[in-house]
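J.: I would like the atomic coordinates for the input below:
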Amino acid sequence: MKENYELRITSYELGNSAAAPRGKEEEKIRPSSLPKLAACRCFEGAPGTSEAAERGTRIDKAIRVMWARMAGAEWAKVEELPELKADEKDAVMWALDQLDSLSQDGELPIETCEEKLRAVSKVAGVKDGTMDALCVAGEFLVDFKSGQVRNYKEQMAAYALSCMDEFFADSWTAYLLFVDQRAIVAHSLTADEARRIVQAVLDRPCEPEHCEYCTWCAKFTTCPVVTGAVASVQEAPALPACTAAAKSKGELPELMQGMLSDHAKAHEFLSKLAVVNDWADVLKRQLKEALADDDAYFQRVVVAGRKVVMPLALGRYIGELGWQRVLSVCSSVPLAKVEEIWQEMMPDKPLPADMVTTAGGSVQLRLRKVKK
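T.: Down below sits the predicted model:
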């Protein structure tokens, strides 16, 4: 199996060097932009690099280098690991544990060398991309994501389609490792499914829509959806202050009472409010950066980080403190994580039903996308 894997990797590298002619490559879409364009076809990435993006790059590099060092790869011996903060180190260690699990304790080789991970695009209009990790023998790829859990299915579909074409596979799985949230999302796709997902983004009409990526967009300040919503809110009749008493009683002002029965009007109001809140976030961020001293309207307050003890560090003293006392101060564990550990250590024994508790249920209201 290992010899076959090495031959297929070599074939993949040769395939990359003989990629289709570039033509007007600058006009093509990057795979990483596909999820954003699925939310709004007019999205255009703002220039520059954010602190969050730089953090994600550091974590990504550390995971790939550390995994290669563990596997004894030559290329990793000359790489310098980036300087990591404590939370970034924890994220890296968690990702390495997941890679080890996906590799079946090293039985399936996982490649993390960036030069060997180019995904040649198989959809016209989409650029080639670069995966974070690839396991040809297991027919899966891995992508590391920092920050919140978001949708990346369109990007993963583009990568999976490339892998299926290169390695003559009927299906491929893309594992998204959300290193900060300690969550794994898997997308198992056939070639037809992957191509359809990517093509659907390209076929969408270029009409601006409000979405979670608005503040990341280069057109945010000029987008008609954004500016129109702000102007509409500014011109609307002033609402009375929402007092604590009104909140506790659940009372709406007279101007909004009709929205309880007119859901179209309520949807329009909440959509515009969401856009204005995006603007408010941008305003607050820039004010915070520009404000050197307190003034008549704002006070700049520095909040110190909360000191915590990681469970693994506390675990070293479980004998002295007692396991019941230690576990009582730890937070609840997601069922999926317990099932993963249980299956690994006791595959022939079912997870006891009395261990599982349902907690924190809630009813949420989400705005649907309405075609106009």
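
J.: how far off centre is the longest helix seen in the chain?
T.: The helix that spans the most residues within the chain, counting by DSSP state H, is helix 263-290. Centroid separation for helix 263-290 versus its chain: 22 Å, with C-alpha atoms, centre = their mean, to the nearest Å.

J.: state the mean pLDDT of the next helix or strand after that helix.
T.: The C-terminal neighbour of helix 263-290 among helices and strands, as given by DSSP states H and E, is helix 311-315. Per-residue pLDDT values over helix 311-315 give a mean of 82.

J.: got a list of contacts for helix 311-315?
T.: 321, 326, 330 (C-beta atoms under 8 Å, 6 or more residues apart in numbering). No exception for glycine: its C-beta is placed from N, CA and C like everyone else's.

J.: got the contact list for the last one?
T.: To tie it back to what came earlier, the one meant is residue 330. Taking C-beta under 8 Å, 6+ apart, we find residue 330 in contact with residue 311.

J.: low-confidence regions, this protein specifically.
T.: Applying pLDDT under 70 to the chain flags residues 1-26, 78-79, 292-294, 362, 364-366, 371-372.

J.: do you know how far the residue sitting furthest away from the middle of it is from residue 265?
T.: Farthest-out residue of the chain from its mean C-alpha position, per C-alpha atoms, centre = their mean: residue 254, at 40.7 Å. In this view, residue 254 and residue 265 are 14 Å apart by C-beta to C-beta, to the nearest Å.

J.: ok, now residue 319?
T.: For residue 319, the distance to residue 265 - C-beta to C-beta - is 63 Å.

J.: comparing those two, which residue is more hemmed in?
T.: residue 265 (13 against 9; other C-beta atoms under 10 Å).

J.: which non-adjacent residue is nearest that one?
T.: With C-beta to C-beta, 6 or more residues apart in numbering as the criterion, residue 265 has its nearest non-adjacent residue at 5.2 Å, and that residue is residue 259.

J.: give me the neighbour count for residue 58.
T.: Using other C-beta under 10 Å: residue 58 sits among 19 other residues.

J.: and the helix or strand harbouring it, what does it pack onto?
T.: Residue 58 belongs to helix 51-70 when assigned by DSSP H and E. Contacts defined by 3 or more C-beta pairs under 8 Å, 6 or more residues apart in numbering; DSSP states H and E place helix 51-70 against helix 86-102, strand 140-145.

J.: what's the most buried one of the ones you listed?
T.: strand 140-145 (a mean of 23; mean count of other C-beta atoms under 10 Å).

J.: name every strand pairing with it and say which way it goes.
T.: strand 133-135 (antiparallel), strand 171-178 (parallel) (DSSP bridges).

J.: quick one: buried residues of the next helix or strand after the last one?
T.: Going back to what we said before, that points to strand 171-178. Sequence-wise, the next helix or strand downstream of strand 171-178 (DSSP H and E) is strand 183-190. Within strand 183-190, the residues that count as buried by 16 or more other C-beta atoms under 10 Å are 184-185, 187, 189.

J.: now strand 183-190 and helix 86-102, what's the angle there?
T.: 40 degrees (axes from the mean of the first three to the mean of the last three C-alpha atoms, to 10 degrees).

J.: just checking: what are the partner strands of strand 183-190?
T.: When pairing is defined by DSSP bridges, strand 183-190 lines up against strand 171-178 (antiparallel).

J.: which residues are in contact with the partner strand?
T.: With contact meaning C-beta under 8 Å, 6+ apart, strand 171-178 is reached by 95, 98, 102, 139-149, 152, 156-157, 159-161, 163-164, 184-191, 194.

J.: got the angle between it and helix 51-70?
T.: In terms of direction (the same axes, to 10 degrees), strand 171-178 departs from helix 51-70 by 120 degrees.

J.: hey, C-alpha coordinates of strand 171-178 in PDB?
T.: In PDB, the C-alpha atoms belonging to strand 171-178 read as follows (Å, rounded to 0.1, in the frame of the first residue of the first chain):
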ATOM      1  CA  SER A 171     -15.900   9.500  -4.100                       C
ATOM      2  CA  TRP A 172     -13.800  11.600  -1.800                       C
ATOM      3  CA  THR A 173     -14.200  12.900   1.800                       C
ATOM      4  CA  ALA A 174     -13.100  16.300   3.000                       C
ATOM      5  CA  TYR A 175     -12.500  16.700   6.700                       C
ATOM      6  CA  LEU A 176     -12.700  20.200   8.100                       C
ATOM      7  CA  LEU A 177     -10.900  20.500  11.400                       C
ATOM      8  CA  PHE A 178     -12.100  23.600  13.300                       C
END
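
J.: how far does it sit from the chain's center?
T.: Distance of strand 171-178 from the chain centroid (C-alpha atoms, centre = their mean) equals 12 Å.

J.: show me what counts as buried in that strand.
T.: Burial within strand 171-178, assessed by neighbour count using 16+ other C-beta under 10 Å, is assigned to 172-178.

J.: ok, now stretch 210-219?
T.: The neighbour-count check on stretch 210-219 (16+ other C-beta under 10 Å) flags 210-211, 213-214, 217, 219 as buried.

J.: and what of stretch 188-198?
T.: Within stretch 188-198, the residues that qualify as buried are 189, 191, 194-195, 197-198, counting by 16+ other C-beta under 10 Å.

J.: is it possible to get TSV of these that adds distance to residue 69?
T.: Shown next, in TSV, are the buried residues of stretch 188-198 (distance: C-beta to C-beta, whole Å):
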residue	distance to residue 69
189	31
191	34
194	32
195	36
197	35
198	34
